[in-house]
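> Provided below for reference: sequence and predicted model.
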Amino acid sequence: MSDVERILLIDDDEDDFVLVRELLSEAFGGARMLDWASSWDDGLEAIGRRAHHVYLVDYRLGERDGLELAREAVAAGCPAPIILLTGQGSREIDLEATEAGAADYLVKGEITAPLLERAIRYALAHQQFLRSELEANEALRKTNEKLTQFYRTAHQFVDNVSHEFRTPLTVIREFASILQDGLTGDMNDEQQEYIGIIVSRVDDLTFMINDMLDISKLEAGLLGVSRKGCQVAEIIRHVKPTLDRKAAASRCGFDVSIDRGLPQIYCDPEKIGRVILNFAVNAFKFAGEGGHTTLWVRHRPDRSEVVFGLTDNGPGIAPENLMAIFERFRQVGGNARASTKGFGLGLNIAKELAHLNLGEIFVESELGQGSTFGLTAPVADPPEVLGRLLRRPELLRDGSTFVSLIFATVGLPEDAPLLEEVERFLQYHLRASDLLFRTRQNAWVIAAPSIEQGGPGMRDRLEMAHSEANRNRPGDALPAIILDVGGTWRISDQAGELIDYFRDVFGVHAACHG
Amino acid sequence: MHRKPHVLLIDDDREILRGLSIRLRAAGYAISVAHGGETGLAAAGEIRPDVILLDLRMPVMDGFAVLSRLREQDRTKAIPVVVLSANTAEKARRRALDLGAEYFLEKPYDPKTLIQALRTASDRSATSTANFETGKME
């Protein structure tokens, strides 16, 4: 019935050895299996040889007892179970035996053959279970380590590749634009056109490298984001020259239509610009030569957001393909080959960049009518922005269950130029999931999501970064920033309370402001 | 009298140096070229250009080292530096600006932006030098 072949008894009493041998013989039908060590030291040495499947250890072994032996054996990695034999049973010894790592304990006077057989069987089964558990854990740990390593390598690789690609691209673009700008003599129209194509495609490749880098950083949690109240017109002004150039290269008509009186939005303007560029490049491709694309921006007061859209008059997308595009949106970090085919990396990163700005992307299309790719961003109303984070914390991919508010104040007049440096410092040291709002020129409030209750983690981090920053600054020292934790709220059931508190913060400050 | 503004280009890629020279000469700059960080640092002290255009990733002495050495030496510490790098990491940008670079531009660069950055940087230096040395600026 059992694969027990060798058992070692460690006991200084020969009578016990004889007794145990008889019991074993009765239980397993043979006495050949039992060896005997008569002292503590001999016992430990025999355990070290690992020649036995089970150890029966007497509690009383002279100066040092069986518990200590069990402890030493376990510490030395003894793989076989140890069953302790005691003169008398007590709850105390029972607990001590378990704590020492023994598999079981038996009271000498009460041992019968079936009891001994059962104890050995259970101890072995349990040991087997522990061993397989341990092996499984070890296998998981190794796999985990390998994946982490692989992940780090992949991230590093993308980083290096993007860097290495930039240098030749710089040279190509440099000399192409020297020709294009006529610095080495005039070119005819046809030559101009061809050079324009080269420059445009080099720019495409540069965008793709930026996207690739962003995806890699995003996956590694390293994508920096710097959100603040922004004018839509400013964002558009920044991307318009590139859009005009791209449209011209695609020979696609392009115009911009922005609602009057748009409110400020809360976003990282560079990231919003990247999404618009990505959508536009797509739209120009869809609309094609002779087609037309409009970039429009509207306010949606009912949802406290601003919508950016790129509408083309291209062939449109069939419903089943529209689904496929949404699928691709969903699988950032999935199969890159499938997800990028024909759409560039752009649509993948667009969704992530939109989420970083607490907005969404959408696609609308009808065959024969054209398509609209769009993006939403919250208006720069702090309670609304915080509300978005609380309603959909997954937008920031953070997994936090709490939000702490931290107040940052600088004791400088509101027109001190160094305050801009403080803003930059805070922006730089916050994580992508933290929201920063400026309540006055010299005061900020940070909403910092966290996995655990309490906000001092963020405060300590900023304080450390502050002294670090001042050690490295060649110019004026960064002014002292007073950081106060305003409280911590649980997202699941205290969100309303937090929003109310937050509204008060801004209400009060607005009143102070005049 | 009007003198051409003088720019020192420091990069370890000879073709980039060549292209930049053509572009900037056409934009009205006098050009000096240094191939690598150490040569660049020496040249900066010798010719004292109006502005330096500096690469970051270079063998032996990288751009960060050049930047901090420029800032340590009296002869070079007032020369404005524009960094032009393929290393676009926020960390690199931050470090370069903390070390006193005026602008951080990414490779590949847009020629208009580059010229704008150089002009702003060298104008600022011309103004502050004049103020400092003669006090004659209004």
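Received, thanks.

> from here on, contacts and neighbour counts on C-alpha atoms
Noted.

> got any ranges where the stretch 51-200 of chain A has weak pLDDT?
Screening the stretch 51-200 of chain A residue by residue with the criterion pLDDT under 70, one finds no matching range.

> Let me see the ranges of the strands in chain B.
Shown for chain B, the strands assigned by DSSP state E span residues B:6-11, B:30-35, B:51-54, B:81-85, B:103-106.

> swap that for the stretch 301-450 of chain A, please
A:305-312, A:361-366, A:370-378, A:402-409, A:435-440, A:443-450 (DSSP state E, counting those that start in this stretch).

> Looking at the ones you listed, which is nearest to chain B?
strand A:435-440 (18.6 Å; Cα to the nearest Cα).

> which other residues reach that closest one?
Contacts of strand A:435-440 from elsewhere in the structure, counted by Cα atoms under 8 Å, 6 or more residues apart in numbering or on different chains, are A:227-228, A:382, A:386, A:414, A:427, A:444-448, A:506, A:509, A:513.

> what pairs with it, and is each one parallel or antiparallel?
strand A:443-450 (antiparallel) (DSSP bridges).

> Run the chain-centre distance for the helix or strand following the partner strand.
If you walk from strand A:443-450 toward the C-terminus, the next helix or strand you reach (DSSP states H and E) is helix A:456-472. In terms of Cα atoms, centre = their mean, to the nearest Å, the gap separating the centre of helix A:456-472 from the centre of its chain is 22 Å.

> Stretch A:367-384 too?
For stretch A:367-384, the distance from its own C-alpha centre to the chain's C-alpha centre is 26 Å (Cα atoms, centre = their mean).

> avg pLDDT for that stretch?
In this model, stretch A:367-384 has a mean pLDDT of 91.

> For residue A:351, report the pLDDT, please.
What the model reports for residue A:351 is a pLDDT of 84.

> wait, I meant residue A:389
Per-residue confidence at residue A:389 stands at 86 (pLDDT).

> One more: residue A:323?
Reading off the per-residue confidence, residue A:323 sits at a pLDDT of 71.

> number of nearby residues for it?
Burial of residue A:323, expressed as a neighbour count using other Cα atoms under 10 Å in any protein chain shown, amounts to 13.

> ok so, going back, please produce CSV containing the strands of the stretch 301-450 of chain A, extended by distance to residue A:205 and mean neighbour count.
Rendered in CSV, the data for the strands of the stretch 301-450 of chain A read as follows (distance: least, Cα to Cα, whole Å; neighbours: other Cα atoms under 10 Å in any protein chain shown):
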stretch, distance to residue A:205, mean neighbour count
strand A:305-312, 22, 24
strand A:361-366, 23, 17
strand A:370-378, 21, 24
strand A:402-409, 40, 23
strand A:435-440, 32, 20
strand A:443-450, 36, 23
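
> how far away is the most centrally placed residue in chain B from chain A?
Computing the C-alpha centroid of chain B and ranking residues by Cα atoms, centre = their mean puts residue B:52 first, at 1.7 Å. In this view, residue B:52 and chain A are 19 Å apart by Cα to the nearest Cα, to the nearest Å.

> if we can go back for a sec, may I see the strands of the stretch 301-450 of chain A organised as CSV, with distance to residue B:106 added?
Putting these into CSV (distance: least, Cα to Cα, whole Å) gives the following:
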stretch, distance to residue B:106
strand A:305-312, 27
strand A:361-366, 28
strand A:370-378, 27
strand A:402-409, 32
strand A:435-440, 27
strand A:443-450, 31
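
> residue in chain A nearest to chain B?
residue A:170 (4.2 Å).

> How about that residue: what's its closest non-neighbour residue?
For residue A:170, the nearest residue in space outside its immediate sequence neighbours is residue B:108; the separation is 4.2 Å by Cα to Cα, 6 or more residues apart in numbering or on different chains.

> tell me the contacts of that neighbour?
Contacts of residue B:108 were listed using Cα under 8 Å, 6+ apart, and they are A:166, A:167, A:169, A:170, A:171, A:173, A:174, A:206, B:86.

> and those, which are buried?
A:166, A:167, A:169, A:170, A:171, A:173, A:174, A:206, B:86 (16 or more other Cα atoms under 10 Å in any protein chain shown).

> Just give the closest residue to the first one, not the sequence neighbours.
Nearest residue to residue A:166 in three dimensions, chain neighbours excluded: residue B:86, at 5.7 Å (Cα to Cα, 6+ apart).

> so that neighbour makes contact with residue B:107?
Yes - Residue B:86 sits in contact with residue B:107 when judged by Cα atoms under 8 Å, with a separation of 4.8 Å.

> list residues touching both of those two?
Counting by Cα under 8 Å, 6+ apart, the residues touching both residue B:86 and residue B:107 are A:166, A:167.

> do stretch A:172-186 and chain B meet at all?
Yes - judged by Cα under 8 Å from any Cα of the partner chain, stretch A:172-186 comes into contact with chain B at A:173, A:174, A:175, A:178, A:183.

> Now render these as CSV, adding secondary structure and distance to residue A:299.
Rendered in CSV, the data for those read as follows (DSSP: H, G, I helix; E, B strand; the rest coil; distance: Cα to Cα, whole Å):
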residue, secondary structure, distance to residue A:299
A:173, helix, 38
A:174, helix, 41
A:175, helix, 43
A:178, helix, 42
A:183, strand, 45
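
> and the residue of chain B nearest chain A?
Residue of chain B nearest chain A, by Cα to the nearest Cα: residue B:108 (4.2 Å).

> circling back to that earlier point, ok, the residue nearest to the centre of chain B - contacts?
Residue B:52 sits next to B:7, B:8, B:9, B:10, B:44, B:79, B:80, B:81, B:82 when contact means Cα under 8 Å, 6+ apart.

> ok, what's across the strand from it?
Counting by DSSP bridges, the residues bridging with residue B:52 are residue B:8, residue B:81.

> Alright, I will stop here.
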